[in-house]
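Novice: Need the 3D shape of this:
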Amino acid sequence: MTVRLSRDGGRTWPVARLLHEGPAAYSSLAVLRDKTIGLLYERGEAQPYERIAFARFNLRWLTGNAVRGPFF
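Specialist: Next up is the predicted model:
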């Protein structure tokens, strides 16, 4: 599962951060009340539908300016 960022209305997607290396499926992304980003997604080790996961991260992590990873 890779999270991507566009700053030009979706014409280009220059920012990408890998969140999960294994298979993944449906996801839903939202900005949370505290201005962090929440991602609910399907993931697994052998198949993408093994579990549902939630990750929370900030824009600094996504753009590579933060050392700490996402919070699960």
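Novice: Tyr49 contacts Ala25, doesn't it?
Specialist: Yes. Between Tyr49 and Ala25 a contact is recorded at 6.2 Å, counting by Cβ atoms under 8 Å. Where C-beta positions appear, they are placed from N, C-alpha and C, glycine not excepted.
Novice: what about stretch 10-23, start to end distance?
Specialist: Stretch 10-23 has an end-to-end distance of 24 Å (Cα to Cα, to the nearest Å).
Novice: The helix-or-strand element of the chain with minimal mean pLDDT: which residues count as buried?
Specialist: One helix or strand of the chain scores below all others by mean pLDDT, DSSP states H and E: helix 59-62, with a mean of 90. By 16 or more other Cβ atoms under 10 Å, the buried positions in helix 59-62 come out as 61-62.
Novice: How about stretch 49-69?
Specialist: For stretch 49-69, burial by neighbour count (16+ other Cβ under 10 Å) applies to 53, 55, 57-58, 61-62.
Novice: Among these, which pair sits farthest apart?
Specialist: By the measure Cβ to Cβ, Ala53 and Asn58 form the most distant pair in these, at 17.7 Å.
Novice: Find residues that contact each of Tyr49 and Ala25.
Specialist: Common neighbours of Tyr49 and Ala25, counting by Cβ atoms under 8 Å, 6 or more residues apart in numbering, are Glu42.
Novice: nearest spatial neighbour of Asn58, skipping sequence neighbours?
Specialist: Excluding the flanking residues, the one nearest Asn58 by Cβ to Cβ, 6 or more residues apart in numbering is Thr36, at 5.1 Å.
Novice: That neighbour touches Ala55, doesn't it?
Specialist: No. Using Cβ under 8 Å, Thr36 makes no contact with Ala55, being 10.0 Å away.
Novice: before we move on, back to that, how near is the residue nearest to Asn58 to Leu62?
Specialist: Counting by Cβ to Cβ, to the nearest Å, the gap from Thr36 to Leu62 is 10 Å.
Novice: repeat for Ala55
Specialist: From Ala55 across to Leu62, the span is 11 Å (Cβ to Cβ).
Novice: Just list the residues touching the residue nearest to Asn58, thanks.
Specialist: Applying Cβ under 8 Å, 6+ apart, we find Thr36 in contact with 56-58.
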